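> Sequence first, predicted coordinates after that:
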Amino acid sequence: MSTTPEPGWYEIRLQGRLDERWAAWFEGMTVEPAPDGVTLLRGQVLDQAALHGILARLRDLGIPLISVQPVRAGDER
Amino acid sequence: MVDPLVETKLAQPRPRREAVPRPRLDALLSRVAGVPVTVVSAPAGFGKTTLLSSWLAAADLPVAWVALDARDRRPGRFWSYVLTALDRAVPGSAAAALTLLGSGQAAVETVLAGVVNELSVSDDDLVLVLDDYHLADGPEIAETMTFLVEHLPPQLHLVISTRADPGLPLSRLRARGALLEVRAADLRFDGHEVAAYLNDLHALGLPADAVAALEERTEGWAAALQLAVLSLRGRTDTAGFIDRFAGDDRFVVDYLVDEVLDRQPADVRRFLLDTSILERLTAPLCDVVLGGAPGEGRSMLDLLDRQNLFLVPLDDHRRWYRYHHLFGEVLRAHLGNERPGDAAELHRRASRWHADDGEVEEAVRHALAAGDTSTAADLVESSIPELRRLRREDVIRRWVDDLPDDVLANRPALAMGLVGGLMASNDFAGVEERIRAVEAMLARPEDELVVVDRAEFRRVPAAIEMYRGALALVAGDPETGVLRARRAIGTAPADDDLTPAAAAGISGLASWTMGDVVAAQASYVAAAAGLARAGHVADVLGCSLAIADMELTLGRLDAAEASLRSALELAEQHPPGGGGVLRGTADMLVALSRVAWHRDDMVEAAELLRRADDLGEGAGLPQNPYRWRVALARVRAAERDWAGALELLDEATRVYVGDYLPPVHPLHATRARLLAASGDLDGALAWAHEHRVAASDALSYLQEYEHVTLARVLLAQHRAGGDEGVLGNVTALLDRLLDAAEAGARTGTVVEVEVLRALALHAAGGVDDALVALGRAVDLAEPQRWRRFLLEPGPGLGELLETLARDRPRSPFLRDLLARRASAASATTPVAAPVPSPAERLIDPLSDRELDVLRLLASDLDGPGIARELVVSLNTVRTHTKHVYTKLGVNSRRAAVSRAHQLGLLSRSAR
């Protein structure tokens, strides 16, 4: 696991389609629909604490989490 | 209690008015009372709280309920709520622990050990529910909770309700069969329950396929089902709605909240979004946040409550509510998305309401959420003096983390107030940097600074000196401490009582540490006077204890008594707001008992201790339990009940709590004196060896009591047949102690040392010199009727006093002393336990078995340990304990033991 303090890009996959208006709720990450009723949250995360903050918000919404992946900046799917 | 939140946090939620019967979950929960730990772990909206509240309402067990939030991640705050809840559920179980916790002088583990010992003999089984545990969970809480879980008394059943598994050793508990788990899979509504919920409870009359579709789409998630019902209510086209819902793949809660919100009238919808920023809702607050006509808040809350729309009541009076956490999150997301600019203004209004209502913590929180850091800073700055007076520096300390640094850059009074919060929390790191920043601010033109509280601003220069003095003292440099404190006193503005008083306290402590008791006493007197003028009565009591202690050392017994009596009067004139007596009152009585002991008035001494005990746990400072035991041990020793005295000292060691004052009368030395007096010479000599106290040591005031103790031990050794070398050593030691005490004007020590010197000189055959020494002690003691030291047992002293009395035929003091010695000597066997007054005798005496249990209650064994010791079941111990409490008229183990000591029930000689 990377412990570098530099902001990293992450892709978080959720089960269920989430409206794009939730972007502000997740600290400005983009909210994109993906096939099979999956939603992708993508964006830059300041550090591990910020990432855990986003995961805690997902937990508080009760929305099922599928995966969390670090990605390189600008990576296309 | 100061904390306005406590009622809403500790209220056990009422069960829902209507609920679907869920027998399989009832069966699962019926095992809670049979296991130590239950974890109800599931995501938001799975009905955890609902399940627990309805089960507990039916289960008829005492319950301690704590609704946690994110501010409870600090152990001090977390445990103060938990202990308060426990003490309410089983009165007396946590009162002592709360006092100890509040002192900040003991590790949380020590505090918890006390509660465990109380509960482990309690007759009540008790369920402790920690709701929303995930909000408080973190390394600090997990560590102390793990301690509790590992020491859980059999009577206490812990129930943790959480969205994430707690940081506790769950696998170990699982392996031991000590864990009951209720997880999301258990909480999901199955097909029958979904049907019952929709059709029986809400009478929606849905066909089986519609029920099946809703079950599949919601996956039995309670929150989603509840939203589905709200969406279906009053709708004509239910089939169409269910079809659309089932065919949609949006996140189920998002979809349904949209549906529900869309169907609300505009004013309800606006109310829901506007008030979503509130953690807790009450009608007047809602009115202000809405910014409309007063009265809307009340009617809206009633409406939402009636329609079961997202609201959770927090009390029984329908005054305070909160939104269900899950819906609150969704509502806030809607607010942020639909009206992105509005949240700040709503927070601003909430902040103003809380500020007007006097709830500054909430006001600050909302101001920060609104982005109004300068408003937040203003609020903090103007509330600091009052919080300081209430000793709520913990609140100030938290703001250090919350307020951004840049807002402090031109606010010297605020920055200094935060320093005070840090210092009071023993958080010294970084304080010097903060002080330097404040100094730099003071060098700038005043129009560049922001000052809310002029009085606070004017005290800044003095406060800088004062805190630097305190830092020097902490760093082990008392000379600088005194110097800085003096400068603080010199710089403080004329109308500021508090800063010079605090500085005088620091100076007094520094002087005391250096052995300058005269200067220390004067400083403490000045500190107490300033504190009294500033209205800090509780602190005056603490100061008075130190003053009386020093006055005894200085040989001013009458002055010590006067200081304590006037402090006691002050306490009686200032009863605390919530009724009862001021904390510290009991300590005054215990200290007065020590004065009575010095005068050899054991009846008065015991009576004062009884009065102190009757005031209860809340009347004493955290150190009072140990000081009370030491005082009673001295009385017992004077009555030659050595076993009772030793037992009390052992207990005192167990309940010992330190404070900021130098420990000039360590318990171990008091114990050694007792051993020497009782004839246990080996024990007394072992003490000297263990604590490395030797006759050849360099002397310092801080160790004076130990060296005088050593002199007593060596004298006893010589009496028991020791060689002349011992006598030479002790005489040299006493001569040096006398010189040191005289140089420091410690006349109280002079009296004691002169008596011991008289004994040593007499033993060496120097009767004339012995008479000179004793005459001097008598001269100093007589005007104050100070008898204790002159009643030392020992062969020589009686003879010397008689000789002295022949030389001074007109001294009633000497005649009185000789009469007291004669009556003590005529009791050839050790005096039995004191005969209690008729009022103190038990109407219903304890049985032998109850006495056995009582003796073990005085030990540090827990309930199961006592049961093993007596070879009985824990239930038997619990029953006996209950009877003991009833007969002694107390409600806790600690109170039972001190009452028993008063009644002489624990002295071995009483058997």
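Sure, I can see it. Numbering: from 1, shown residues only, chains lettered A, B, ... in the order given.

> drop to CA atoms for contacts and neighbour counts, all remaining ones
Fine.

> for the chain, what spans make up the strands?
All of this refers to chain A. A:8-15, A:30-34, A:38-45, A:65-71 (DSSP state E).

> Not quite, go with chain B.
Under DSSP E, chain B gives strands at B:37-41, B:63-67, B:126-131, B:156-162, B:179-183, B:311-313, B:321-323.

> Buried ones in the longest helix anywhere in chain B, by neighbour count?
Longest helix of chain B, by residue count under DSSP state H: helix B:724-743. For helix B:724-743, burial by neighbour count (16 or more other Cα atoms under 10 Å in any protein chain shown) applies to B:726-727, B:729-734, B:736-738, B:740-741.

> next one: stretch B:812-823
B:813-815, B:817-818, B:821.

> The residue nearest to residue B:742 when sequence neighbours are not counted and chain A, how far apart?
The shortest distance from residue B:742 to any non-neighbouring residue, by Cα to Cα, 6 or more residues apart in numbering or on different chains, is to residue B:750 (6.7 Å). Separation of residue B:750 from chain A (Cα to the nearest Cα, to the nearest Å) stands at 64 Å.

> Might one say that residue B:750 is in contact with residue B:740?
No. Residue B:750 lies out of contact with residue B:740 (Cα atoms under 8 Å); the separation is 9.2 Å.

> so how many other residues sit close to residue B:679?
The number of residues packed near residue B:679 is 16, by other Cα atoms under 10 Å in any protein chain shown.

> cool, and the one 10 residues further on?
Close neighbours of residue B:689, defined as other Cα under 10 Å, add up to 11.

> Distance of it relative to chain A?
The spacing between residue B:689 and chain A, counted by Cα to the nearest Cα, is 53 Å.

> Which stretch among the strands of chain A approaches chain B most closely?
With Cα to the nearest Cα as the measure, strand A:8-15 is the member of these nearest chain B (7.7 Å).

> Low-confidence ranges, the chain, go.
By default, I'm working from chain A. A:1-6, A:73-77 (pLDDT under 70).

> Can you look at chain B instead?
Checking chain B against pLDDT under 70 turns up B:1-4, B:827-840, B:907-911.

> how does it divide into domains?
B:6-187, B:191-262, B:266-367, B:610-826, B:838-910 (automatic domain parsing).

> I'd like these as CSV, with distance to residue B:567 appended.
Output for the domains of chain B, formatted as CSV (distance: least, Cα to Cα, whole Å):
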stretch, distance to residue B:567
domain B:6-187, 21
domain B:191-262, 59
domain B:266-367, 31
domain B:610-826, 14
domain B:838-910, 24
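
> now the strands of chain B in CSV, with distance to residue B:506 and mean neighbour count?
Shown next, in CSV, are those (distance: least, Cα to Cα, whole Å; neighbours: other Cα atoms under 10 Å in any protein chain shown):
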stretch, distance to residue B:506, mean neighbour count
strand B:37-41, 47, 24
strand B:63-67, 39, 24
strand B:126-131, 41, 22
strand B:156-162, 44, 23
strand B:179-183, 51, 19
strand B:311-313, 49, 20
strand B:321-323, 46, 20
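
> got JSON lines for those, with distance to residue B:503 too?
Compiled in JSON lines, the strands of chain B are given as follows (distance: least, Cα to Cα, whole Å):
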{"stretch": "strand B:37-41", "distance to residue B:503": "49"}
{"stretch": "strand B:63-67", "distance to residue B:503": "40"}
{"stretch": "strand B:126-131", "distance to residue B:503": "43"}
{"stretch": "strand B:156-162", "distance to residue B:503": "46"}
{"stretch": "strand B:179-183", "distance to residue B:503": "54"}
{"stretch": "strand B:311-313", "distance to residue B:503": "48"}
{"stretch": "strand B:321-323", "distance to residue B:503": "45"}
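
> For chain A, find the nearest of these.
Across the strands of chain B, chain A has its closest neighbour in strand B:156-162 (10.7 Å, Cα to the nearest Cα).

> From the contact counts, what lies against the closest one?
Helices and strands touching strand B:156-162, by 3 or more Cα pairs under 8 Å, 6 or more residues apart in numbering or on different chains; DSSP states H and E, are strand B:37-41, strand B:126-131.

> Which one of the buried residues of helix B:724-743 is nearest to residue B:48?
Residue B:48 has its nearest neighbour among the buried residues of helix B:724-743 in residue B:741, at 68.0 Å by Cα to Cα.

> who touches the closest one in this structure?
Counting by Cα atoms under 8 Å, 6 or more residues apart in numbering or on different chains, residue B:741 touches B:747, B:749-750.

> do the same with residue B:685
Counting by Cα under 8 Å, 6+ apart, residue B:685 has contacts residue B:713.

> Single out the most deeply packed of the strands of chain A.
Using mean count of other Cα atoms under 10 Å in any protein chain shown, the stretch among these with the largest mean neighbour count is strand A:38-45, at a mean of 22.

> and that strand with strand A:65-71, angle?
Orientation check (axes from the mean of the first three to the mean of the last three Cα atoms, to 10 degrees): strand A:38-45 against strand A:65-71 gives 40 degrees.

> and strand A:38-45, which strands flank it?
Here strand A:38-45 is paired, per DSSP bridges, with strand A:8-15 (antiparallel), strand A:30-34 (antiparallel).

> Save the ones you listed as JSON lines, and put in distance to residue B:476 too.
As requested, these are exported to JSON lines (distance: least, Cα to Cα, whole Å):
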{"stretch": "strand A:8-15", "distance to residue B:476": "47"}
{"stretch": "strand A:30-34", "distance to residue B:476": "56"}
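
> Thanks again, I'm all set now.
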